[in-house]
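[1] Give me coordinates for this.
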Amino acid sequence: MKKIAIIGAGPAGIEAASVLAKYGAQVVLFEKSETPLKNLQDKAFLFPNFQSAQEIADDLNSKLLTDGITTAFGVDISDVKWHRTEWKLTDSKGQTYVSDAVLLTTGYQVFDARRKEELGYGIYKGVITSLDMERMIKHEKILNANGDVPKRVTFLQCVGSRDEKSGNNYCSKLCCVTAVKQAVEVKKQLPKCEVSVFYMDLRMWGQGFEEMYRTAQEKYDVSFVRGRISEAAATFDSRIQLKSEDTLMGVPLKMTTDLLVLMVGMEASPGTNTLGKSCDISGEYGFIRTISPHLYDNETGKPGLFVAGSCKRPMTVWDTINDARSAAFAIIDYLNTLP
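    Numbers count the residues shown, from 1 in each chain. Below you'll find the model as predicted:
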């Protein structure tokens with residue numbers, strides 16, 4: 001029976017492991033955290049249908065019970081090398097493992113908003129990230145710096161994406177629709193709250209996304225302002241004063257908000273960076289490079305080494321899961337060529 005090592009127990013790793021095990025492979029799923037689905041567990045609802053992220057996590061976790069899957073949590077794989085006739089994996093403690101094929105599903109991390117000092121994250125309590133807001137929504141505790149229900153919430157797009165100063169010129173793809181989704185969720189929980197979204201341009205590219213944007217305006221009275229926030233500072237009562245510009249009107253703006261939510265983009269995770277370099281498949285911005293995004297997007301050019309999910313580029317959960325299924329079948333095809 002052929003052995004496959006999968007590194008990363010997020011949606012991509014679990015879905016690929018489930019498919020491979022059903023086709024008779026022996027899968028070992030490595031995860032450096034003590035639990036799977038770390039990024040998904042932080043989410044409340046997923047767009048465009050506002051399905052509970054916990055429901056999706058529970059469904060994925062149930063797939064780990066499939067015969068043929070062995071999980072190795074708390075194991076940080078730091079090196080992957082081809083050794084004679086098999087792949088050799090080494091963890092951070094020096095222990096080694098071997099497999100016939102390897103699938104990297106090492107995922108992403110969110111941009112550290114403290115790198116944008118002018119926006120005040122980590123300095124002023126009223127400045128939070130989209131991940132912080134997601135947790136507030138999940139636990140139904142949307143509160144300002146004073147622990148009160150906010151009267152005004154402001155979202156700022158493209159923090160750490162499409163930004164030469166931060167070193168990330170690419171679009172993170174998910175921030176626009178996440179801001180709209182979170183704005184709607186804030187209005188659902190706090191109907192009297194004033195909600196605004198500052199954006200460069202809204203990229204509502206997916207099925208149902210444009211409709212959600214229209215619903216945010218027409219049903220929930222969310223305001224959208226085309227412009228950038230250049231500076232944030234705290235007021236005496238712990239609110240946040242913003243300096244910005246309305247680029248449609250061509251006029252400067254000053255406003256005060258109870259919460260400023262920074263929509264942080266996606267970056268390659270430390271594991272993606274480490275293994276990309278180890279396997280000599282690093283691409284732009286630390287994401288992993290594949291042969292071709294069109295026909296061979298799960299293949300690396302190294303026999304038996306495959307990749308799936310957001311370690312390649314920013315992806316939605318559904319894109320990630322579909323990509324994982326594609327990778328699983330590419331691995332099955334490869335295994336069928338082995339003696």
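[2] and residue 80, bridged to which residues?
    For residue 80, the beta-bridge partners are residue 89 (DSSP bridges).
[3] ok, it - contacts?
    For residue 80, the contact set (Cβ atoms under 8 Å, 6 or more residues apart in numbering) comprises 7, 87, 88, 89, 90, 102, 104, 275, 278, 279, 305. Where C-beta positions appear, they are placed from N, C-alpha and C, glycine not excepted.
[4] Filter those down to just the ones in strands.
    Mapping those onto strands (DSSP state E) picks out 7, 87, 88, 89, 90, 102, 104, 305.
[5] for the stretch 51-200 of the chain, what spans make up the helices?
    For the stretch 51-200 of the chain, the helices defined by DSSP state H, counting those that start in this stretch occupy 53-63, 130-138, 175-189.
[6] Outside of the last one itself, list whatever touches it.
    Contacts of helix 175-189 from elsewhere in the structure, counted by Cβ under 8 Å, 6+ apart, are 44-45, 47-48, 50, 130, 133-134, 137, 140, 142, 153, 155, 157-159, 161, 193, 195, 197, 199, 202-204, 206, 209, 212-213, 215-216, 220-222, 261, 263-265.
[7] quick revisit: can you turn the buried part of the contacts of residue 80 into a ChimeraX selection?
    In ChimeraX, a selection of the buried entries from the contacts of residue 80 looks like this (16 or more other Cβ atoms under 10 Å):
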select :7,87,88,89,102,104,275,278,279,305
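[8] Same list (the contacts of residue 80) but as JSON lines, adding pLDDT and distance to residue 325.
    JSON lines is the format used below for the contacts of residue 80 (pLDDT from 0 to 100; distance: Cβ to Cβ, whole Å):
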{"residue": "7", "pLDDT": "98", "distance to residue 325": "18"}
{"residue": "87", "pLDDT": "97", "distance to residue 325": "22"}
{"residue": "88", "pLDDT": "97", "distance to residue 325": "27"}
{"residue": "89", "pLDDT": "98", "distance to residue 325": "23"}
{"residue": "90", "pLDDT": "98", "distance to residue 325": "28"}
{"residue": "102", "pLDDT": "98", "distance to residue 325": "18"}
{"residue": "104", "pLDDT": "98", "distance to residue 325": "16"}
{"residue": "275", "pLDDT": "97", "distance to residue 325": "22"}
{"residue": "278", "pLDDT": "94", "distance to residue 325": "26"}
{"residue": "279", "pLDDT": "96", "distance to residue 325": "22"}
{"residue": "305", "pLDDT": "98", "distance to residue 325": "18"}
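[9] how about a markdown table for the contacts of residue 80, with distance to residue 76 added?
    Below are these laid out as a markdown table (distance: Cβ to Cβ, whole Å):
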| residue | distance to residue 76 |
| --- | --- |
| 7 | 9 |
| 87 | 17 |
| 88 | 16 |
| 89 | 11 |
| 90 | 10 |
| 102 | 15 |
| 104 | 14 |
| 275 | 11 |
| 278 | 13 |
| 279 | 16 |
| 305 | 19 |
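[10] which one of the contacts of residue 80 is nearest residue 337?
    residue 305 (14.3 Å; Cβ to Cβ).
[11] now the closest one, nearest residue through space, not along the chain?
    Once flanking residues are discounted, residue 305 sits nearest to residue 102: 5.3 Å by Cβ to Cβ, 6 or more residues apart in numbering.
[12] Cheers, nothing more for now.
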